[in-house]
Each structure stands twice: as structure tokens, then as C-alpha cells.
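Trainee: 3D, please:
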Amino acid sequence: MSNITLYGLAPMWPELFLAIGSMIVLILGVLQKTFNATRMINRATIGLFGLTLLILISQTPDMLGTPILNGMFVQNEFTFFIKLLI
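Mentor: Next comes the predicted model:
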């Protein structure tokens with residue numbers, strides 16, 4: 001069994017950040033009671049997408065082609081391009 005380190009999961013950071021951040025934004029949207037909550041949630045979502053894009057762009061090229069989690073998650077040039085499109 002291999003050890004999973006935080007640096008070993010570096011190619012998955014954008015997905016992890018987006019998943020955790022969207023759960024937080026969803027919980028904030030449910031708990032807000034005011035009318036201005038919609039504006040705050042919209043801004044938080046746009047900021048979340050922007051930060052995810054910065055994390056994605058800041059990944060180094062040496063992370064490409066390294067399989068993670070026994071090959072279940074592979075990052076190559078094609079997946080990087082598709083992530084930028086989405």
C-alpha cells in the first residue's frame with residue numbers, strides 16, 4: 001500500500017478545491033436569510049472559479065503524465081486542456 005501525501009495529490013488540487021469550496025458555498029446559501037445573500041453567493045462562486053483557475057494554471061508541467069491513485073486519475077495535456085475549457 002502506497003503512502004498518499006499532499007504533494008502526491010498536487011494534480012488533483014483544482015478538483016479538490018472546487019469540490020470543497022462548492023460545498024461551503026452551498027451551505028452558506030442555505031443558511032443565509034437575507035435578500036442580499038444571492039449577490040454574495042454569486043460573488044463567492046465567481047471567486048471560487050477564479051481561484052480554481054489560478055490553481056490550475058500554477059501547476060507545473062512535470063505534474064503532467066503522472067498517474068495518481070494507482071492510475072485512476074491521470075493528468076496529461078488533453079485533460080489539462082479540457083479543464084481549462086470547462
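Trainee: Ramachandran angles for residue 30?
Mentor: When read as degrees, to the nearest 10, the backbone of residue 30 gives phi -70, psi -40.
Trainee: which residue sits closest to residue 51 in space, ignoring its chain neighbours?
Mentor: residue 17 (7.0 Å; CB to CB, 6 or more residues apart in numbering). All C-beta atoms are positioned from the backbone trio N, CA, C, and that covers glycine.
Trainee: where does that neighbour land on pLDDT?
Mentor: pLDDT for residue 17: 92.
Trainee: Wait, it touches residue 53, no?
Mentor: No: between residue 17 and residue 53 there is no contact under CB atoms under 8 Å: 10.5 Å.
Trainee: about what we covered before: which residues does the residue nearest to residue 51 contact?
Mentor: Applying CB atoms under 8 Å, 6 or more residues apart in numbering, we find residue 17 in contact with 51, 52, 55.
Trainee: what about it, helix or strand, and which?
Mentor: Using DSSP states H and E, residue 17 falls within helix 13-31.
Trainee: What is the subsequent helix or strand relative to that helix?
Mentor: Under the assignment DSSP H and E, the closest C-terminal helix or strand after helix 13-31 is helix 37-57.
Trainee: Give the other helices and strands that whichever helix or strand comes after that following helix contacts.
Mentor: With elements assigned by DSSP H and E, the helix or strand that comes after helix 37-57 is strand 67-68. Strand 67-68 sits against strand 73-74, with contacts defined as 3 or more CB pairs under 8 Å, 6 or more residues apart in numbering; DSSP states H and E.
Trainee: Given the strand it packs on, what are its sheet partners and their directions?
Mentor: strand 67-68 (antiparallel) (DSSP bridges).
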